[in-house]
Structure formats: structure tokens, C-alpha cells
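**Student:** dropping the sequence and predicted coords here.
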Amino acid sequence: MSRLEQPTPQPPRWADRLLEWFCAPHLLENVQGDLHEEFFYQVEQIGVQKAKFQYILEVLGFLKPFAIKRKPSPYPSSTTTFHPTMIRNYFNIAIRNLAKNRLYAALNIFGLTIGTLCCLYILLYVQDERSYDKHHTAAERLYRVTTELNFPDTKDPHRMSTCSPPIVPAMQAEFPEVESSTRVVDPAPFGVDRYLFKVGDKVFYQNTGYVVDSTFFETFDYHFLAGNPKKALNAPQSMVISEALAIKLFNTTDALNKTLKVTGQVEEETYRVTGVFNNSLGKSHLMPDFFTPMNSRGIGEYVRSDNSWAGNNFLFGYLKFKPGTDVQAFEAKLAAFIERNGGDQLRQMKMQKKLFLQPVRAIHTSAEDLAMSKGTSERFLNMLLLIAGFIQLVACINFMNLSTARSTRRAKEVGVRKAVGAGRSSLMGQFLSESMLMTLIAVGLAVPLVWLLLPLLNQITGASLSLQLTQDWSTWGIIVGLVLLTGVIAGSYPAFYLSSFNPLSIFRGMRDTKTSRGAINFRKVLVVSQFVISSVLIIGAVVIQRQLNYLLKEDMGFEKNQKVIFPIRAEGSRPQIGSFRNQLTALPEVNNVSGMTAYRGVLCPTIFQCTRKGKV
């Protein structure tokens with residue numbers, strides 16, 4: 001066994017700590033150095049055990065009045081570690097070291113860049129998903145009325161995010177706590193999933209439009225480019241359209257008071273544009289192409305005449321409470337409210353009904369949301385944050401391993417710095433500054449890479465993220481936080497480890513066996529952890545990919561690419577359905593023709609009344 005591999009005898013630790021405790025700071029380095037030098041000499045002369053006993057006696061014999069802590073240290077205070085001049089010096093030295101060790105720097109920066117790119121996109125995605133409906137005035141006072149139905153022959157309750165037509169207006173009238181309210185109807189479940197628009201020679205289908213109460217824009221905030229939001233939906237046959245739809249229809253956003261013809265809920269109707277809005281204030285679970293008022297014909301007319309308190313739970317009801325309202329206390333009143341107004345109907349239909357309140361800010365991240373928008377679950381977002389943390393942790397572990405693996409090259413540097421008076425805190429500051437510098441470079445490379453890859457990443461995830469550093473200051477908060485957290489985590493262990501070297505052992509060509517052994521064991525833990533985390537992430541990605549392929553390729557019992565759906569919108573066209581069917585059947589390419597009120601993939605709001613779970 002070579003000398004470098006032999007255990008190096010060390011003085012008793014408790015004796016060293018005792019010396020450090022009572023000895024004056026300005027004398028400690030010289031005194032401890034002399035005692036250590038004498039200890040190593042005695043080891044060779046009289047053996048380890050006797051040398052340790054002699055060392056203890058010398059430490060105890062040094063308990064003299066002049067040596068006890070009385071004088072302030074003549075060396076600079078530890079606060080100079082964070083002096084601007086010292087910080088600048090740290091970064092200058094870090095730049096020189098990186099320029100001198102380019103391959104090492106390139107490997108570390110590359111690993112941190114890839115990890116930061118993935119982590120940053122996930123953080124931006126989670127931030128975007130959690131930003132829905134946060135921009136509304138008094139968003140914390142906005143709630144949606146949800147319903148729970150219980151039938152005698154079923155064990156599990158039927159939860160839905162909708163309610164019956166008369167419930168919300170009655171709440172507005174009976175409870176003084178309600179400041180404003182509105183109802184929203186999505187016509188898609190009624191077979192009106194597309195509208196036919198006509199403006200001059202332009203004829204096209206538009207997908208998403210909601211029928212709402214005239215108080216909708218008093219409850220929710222949208223940025224109006226034209227029109228008065230408080231009066232935009234007062235008149236029948238009025239329409240508020242999005243900026244994109246205005247440009248599509250009229251080639252301009254200046255579309256106020258212009259007319260258009262729409263076929264959808266009823267026969268072709270003429271509407272007047274009373275407002276143009278966009279979503280610049282923020283994202284919402286209510287992001288249609290247009291709004292029409294409830295006092296128009298069609299579905300709105302049916303809603304106004306519907307007095308069903310038990311059934312017909314097809315519309316979305318929203319309440320805006322007055323400041324200081326106890327929402328839980330208000331929710332407790334709803335049982336008596338529904339019994340008072342709809343108890344007879346519920347008993348007649350042999351069902352029970354409960355009403356609940358859901359915060360609007362939590363709708364998009366609620367797993368129970370059944371319609372209106374494609375939301376996500378809070379559990380899924382937390383899982384993504386955990387994955388982002390693991391990815392960044394792997395990058396940090398890779399940095400630690402590379403830094404500690406080349407510790408022998410930095411040992412003499414540490415020894416010289418300590419010999420000329422550098423404290424451990426200043427050395428830690430030096431090594432942390434190097435990790436911070438590399439992290440800053442990595443994040444500086446990751447941000448433009450995220451911006452360049454956003455279209456591809458959005459296509460993969462189905463998101464609509466945008467990186468707007470000049471407008472969204474919260475993104476800067478994420479970037480700065482990522483730099484600080486990654487720099488500290490990645491550089492903490494190398495800083496502690498490298499700054500702990502004993503200068504005497506370094507110059508003697510020996511290392512502290514216990515310290516080296518502990519460092520090696522810790523590096524082994526880091527390598528194993530890195531391997532385990534990477535394996536879990538890779539296996540998880542493969543499993544998810546196979547599940548998605550299974551969902552996309554599984555046989556659904558019919559060939560979806562061989563099916564064509566013809567929506568029949570106008571009432572005048574329905575008497576011709578039989579003739580149209582016969583003409584289609586006569587075509588040699590057509591195998592069969594059928595009709596239905598709702599097709600697969602479209603929510604039917606009344607289907608639960610005629611079928612039960614397990615009996616479809």
C-alpha cells in the first residue's frame with residue numbers, strides 16, 4: 001500500500017475544538033499550526049498514541065492568560081466575504097478558472113442548460129395553468145354553483161358543474177350577500193356545436209359561442225376594444241365578438257354596430273355587433289369566440305321560461321359576493337334554499353339535490369370540472385413540479401460530481417489561499433461564485449432555447465405558452481429564482497468540501513482519511529441517486545408514451561375515419577332529412593346512413609336521466 005493510501009494520523013478532534021474555543025483568533029492559526037507540526041514529528045518518533053497524549057498535554061498547557069480570547073481578530077471581519085469588491089474578485093477568478101478548464105466548464109454548462117430548459121418549460125406551463133381567472137376584479141369573491149344529485153337506485157352521487165335555470169336568479173333575489181350573478185349556457189350539448197356565419201360573400205362555421213345573461217360583463221372582466229361592457233348585452237339579437245372573429249368577419253376590429261347573419265340555435269338570425277373583446281387581461285375557463293344575450297330567441301328563450309328546480313341542470317351559474325361575505329356560512333344556507341323552492345319537484349322525481357360553491361379561480365385546475373374548458377388537475381400540476389425538481393436535481397448532482405472529482409487539482413490552490421490568510425467563508429464564496437456563474441450562463445442559454453422551441457413544445461403538450469419577458473414580470477421571478485436555487489444547490493457541497501481541506505496535509509502530500517472517505521461515500525450516494533432518478537424518469541416517460549399509443553390506437557368498435565357527420569341546423573331543413581338520407585344511401589360509396597340528436601364525443605345533458613351507470 002502506498003503512502004498516499006495509508007491512513008494519516010490526526011490529533012484528537014476534541015483537543016483541536018478546545019483549542020479553537022479558548023485561543024484568541026489572531027493567535028489560533030500559528031499556535032494550531034505549530035502544535036500540528038509537532039504532533040506529526042512525535043508520531044514518527046514515539047508512535048501515534050503517545051503523540052496524541054502529548055498533544056493533549058500541550059493543548060492543556062497552552063491555557064495561559066495571554067492566549068485566552070480577549071482581543072478582536074486583526075484579520076478582516078467575515079462580513080468582507082460579501083463585500084462588492086470581494087464578490088467582483090470571486091467572479092473574476094471564476095471566469096479565469098472556466099477559461100482555463102474549458103472542457104470541464106462546457107460539460108457542466110451543457111448539463112445545467114438541458115436540465116434548466118426542461119425545468120423552465122415545466123415551470124412556465126404550471127404557472128400558465130394556474131393563472132386562469134386570476135385577473136378578474138375581486139376574483140376571490142367569484143364562485144360557481146355546482147350540483148350533486150342522488151337517486152334511490154344508485155349509491156354514488158352524480159356531481160356536475162351545472163345547475164337548473166331558476167337557481168341563480170333566485171339566489172340574487174333572496175340573499176343580500178350576492179353582489180351580482182350571471183348564467184352561461186353552452187349550446188354544444190344541445191347539438192349546436194358550430195354556428196354558420198354569413199357576412200356578405202363570407203360564409204364559414206365558427207365553433208364556440210355562449211349564451212349569457214346581460215350581467216355577464218359585470219361579473220367577469222374582459223378587455224373591450226370597442227363597445228360598453230355594461231350595456232353590450234342589453235338588447236336582443238346583439239352579439240359581442242372576439243378580436244380574432246372581428247378580423248375574420250370584417251377584416252378590422254372596428255366592427256361596432258355592424259350586422260351579420262348566424263344560423264345555429266334557430267333559423268337564420270341577424271345580429272348586431274355591440275362589442276369587441278380580447279383576452280389580453282388573462283386566460284379564463286370562459287374563452288369563446290362570441291357571446292349572445294339570454295333575452296334573444298332560441299336557447300335563451302327556453303331558459304327564461306324554464307322553472308325546473310330539480311332537473312334541467314344544463315347551465316352554469318356564477319355568483320359574485322359582496323366584500324366580507326362568509327362563503328361557508330352562505331353555502332350552509334343552500335340546503336334550506338333548495339328545499340324551500342324545489343322540494344316538491346325533488347320529491348315528485350324521487351331524487352335529492354345539493355348545491356355547492358366552487359371558487360372560479362380553482363375551476364381550471366379542478367379534476368371535477370365536466371365542461372366549458374379543457375382543464376387540468378392540481379395533482380397533475382404538482383406531479384409536474386416534482387418532475388421538474390427531479391430533472392434540475394439530476395443536473396445539480398452532475399455538477400457536484402464533476403466538481404468534487406477534480407478536487408485534487410484545486411487542493412493546492414486551497415492550501416495556498418489558506419496559508420496566506422484566506423478564511424473558509426471566503427473560499428466558500430469563491431466556489432459558490434463559480435457555480436453561480438455557470439448557472440447564470442446555463443440559464444442564459446436555456447431561456448432563448450425555450451423561446452425557440454416553444455412552438456414545438458406547445459404542439460407536443462397542446463399548450464399555448466408565450467415567453468413575454470418585457471410584459472410578464474412573474475417570468476423574471478421564475479428565472480431569477482431558478483438561477484439562485486440551482487447555483488446554491490449545485491455549488492453547496494463542492495464549496496463545503498473543497499474549503500475544508502487542511503493546508504498542512506495538502507503540502508505534506510497527505511489527505512485527511514476520514515474526510516476523503518466521507519467525500520467518496522457521499523459521491524457514491526450522489527451517483528446512485530442520479531442513476532435512480534434518471535431511471536425513474538425514463539421508465540415513467542416510456543410508460544406514458546405506451547399508454548398514449550394505446551389510447552390512440554385501441555380499437556373503439558368503429559372506424560372513425562370512415563364516418564362523416566352532417567349537422568342539420570335550420571328547422572326548414574329537417575323535413576328534407578328523409579330525402580337527403582335516401583340520396584346518400586343510393587351512393588355506391590356509402591354503406592349505411594343513420595341519424596341521432598347527439599354524436600359521440602359531445603356531452604348530452606339529459607342522458608343521465610334515462611340511463612344508469614353500468615346499464616348503458
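**Tutor:** Perfect, thanks for sending it. Numbering: from 1, shown residues only.

**Student:** and the helix or strand containing residue 103, how far out from the chain middle?
**Tutor:** According to DSSP states H and E, residue 103 maps onto helix 102-129. Averaged C-alpha coordinates place helix 102-129 at 16 Å from its chain's average position (CA atoms, centre = their mean, to the nearest Å).

**Student:** swap in stretch 449-456?
**Tutor:** On CA atoms, centre = their mean, the centre of stretch 449-456 falls 17 Å from that of its chain.

**Student:** show me which residues of that stretch are buried.
**Tutor:** 450, 454 (16 or more other CB atoms under 10 Å). (C-beta placed from N, C-alpha, C; glycine too.)

**Student:** other residues contacting that stretch?
**Tutor:** Contacts with stretch 449-456, where a contact means CB atoms under 8 Å, 6 or more residues apart in numbering, come from 113, 117, 120-121, 124, 457, 465-467.

**Student:** go with 10 Å
**Tutor:** Contacts to stretch 449-456, defined as CB atoms under 10 Å, 6 or more residues apart in numbering, come from residues 113-114, 116-118, 120-121, 124, 457, 460, 463-469, 479.

**Student:** give me the buried subset of these.
**Tutor:** Buried by 16+ other CB under 10 Å: 113-114, 116-118, 120-121, 124, 457, 465, 479, out of those.

**Student:** re the thing from before, the helix holding residue 103 - what's its average pLDDT?
**Tutor:** For helix 102-129, mean pLDDT is 89.

**Student:** next, the buried residues of that helix.
**Tutor:** So, applying 16+ other CB under 10 Å, buried residues of helix 102-129: 104-105, 108-109, 111-127, 129.

**Student:** likewise stretch 343-350?
**Tutor:** Within stretch 343-350, the residues that count as buried by 16+ other CB under 10 Å are 345-346, 349.

**Student:** check stretch 292-302 too.
**Tutor:** 292-296, 298-302.

**Student:** need the distance between the two termini of it.
**Tutor:** 14 Å (CA to CA, to the nearest Å).

**Student:** the strands in the protein, which residues?
**Tutor:** For the chain, the strands defined by DSSP state E occupy 142-150, 158-160, 178-185, 195-199, 202-206, 209-212, 223-226, 238-242, 259-263, 269-278, 290-293, 316-321, 352-359.

**Student:** export those to a markdown table and tack on mean pLDDT and distance to residue 92?
**Tutor:** Listed next are the strands of the chain as a markdown table, based on pLDDT from 0 to 100; distance: least, CB to CB, whole Å:
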| stretch | mean pLDDT | distance to residue 92 |
| --- | --- | --- |
| strand 142-150 | 92 | 54 |
| strand 158-160 | 86 | 63 |
| strand 178-185 | 93 | 60 |
| strand 195-199 | 85 | 65 |
| strand 202-206 | 83 | 61 |
| strand 209-212 | 91 | 61 |
| strand 223-226 | 92 | 49 |
| strand 238-242 | 93 | 54 |
| strand 259-263 | 87 | 67 |
| strand 269-278 | 91 | 49 |
| strand 290-293 | 92 | 60 |
| strand 316-321 | 94 | 58 |
| strand 352-359 | 92 | 52 |
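
**Student:** quick one: those strands as CSV, columns for distance to residue 493 too.
**Tutor:** Output for the strands of the chain, formatted as CSV (distance: least, CB to CB, whole Å):
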stretch, distance to residue 493
strand 142-150, 47
strand 158-160, 49
strand 178-185, 54
strand 195-199, 61
strand 202-206, 58
strand 209-212, 55
strand 223-226, 49
strand 238-242, 53
strand 259-263, 65
strand 269-278, 49
strand 290-293, 57
strand 316-321, 51
strand 352-359, 42
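
**Student:** longest single helix anywhere in this protein?
**Tutor:** For the chain, the longest helix by residue count, based on DSSP state H, is helix 513-553.

**Student:** I'd like the average pLDDT over it.
**Tutor:** 76.

**Student:** and that helix, what does it pack against?
**Tutor:** If contacts are counted by 3 or more CB pairs under 10 Å, 6 or more residues apart in numbering; DSSP states H and E, helix 513-553 sits against helix 378-405, helix 407-419, helix 473-498, helix 503-507.

**Student:** any idea which of those scores lowest on pLDDT?
**Tutor:** Among these, helix 503-507 carries the lowest mean pLDDT (a mean of 61).

**Student:** quick one: residues contacting the residue nearest in space to the middle of the chain.
**Tutor:** Geometric centre of the chain, nearest residue: residue 126, 1.5 Å, by CA atoms, centre = their mean. Residues counted as contacts of residue 126 (CB under 10 Å, 6+ apart) are 365, 376, 380-382, 384-385, 388, 478.

**Student:** against residue 169, how distant is residue 259?
**Tutor:** 30 Å (CB to CB, to the nearest Å).

**Student:** quick check, nearest of the contacts of residue 126 to residue 245?
**Tutor:** The closest of the contacts of residue 126 to residue 245 turns out to be residue 376 (CB to CB; 26.1 Å).

**Student:** how about the nearest residue to residue 130, chain neighbours excluded?
**Tutor:** In this structure, residue 130 finds its nearest non-sequential neighbour in residue 365, 6.3 Å apart by CB to CB, 6 or more residues apart in numbering.

**Student:** number of nearby residues for that neighbour?
**Tutor:** Number of residues near residue 365 (other CB atoms under 10 Å) recorded here: 20.

**Student:** with residue 536 instead?
**Tutor:** Per other CB under 10 Å, the neighbour tally for residue 536 reads 12.

**Student:** is it true that it touches residue 390?
**Tutor:** Yes: here residue 536 reaches residue 390: they are 7.7 Å apart, a contact under CB atoms under 10 Å.

**Student:** gap between residue 88 and residue 20?
**Tutor:** Residue 88 is 31 Å from residue 20, by CB to CB.

**Student:** same question for residue 426.
**Tutor:** Noted for residue 426: a distance of 18 Å to residue 20, by CB to CB.

**Student:** quick one: which of the two has more around it?
**Tutor:** Remark: of residue 426 and residue 20, residue 426 carries more neighbours, 20 against 11, as counted by other CB under 10 Å.

**Student:** could I get the pLDDT score of that one?
**Tutor:** pLDDT at residue 426 comes out at 73.

**Student:** count of residues packed around residue 257?
**Tutor:** Residue 257: 10 neighbours (other CB under 10 Å).
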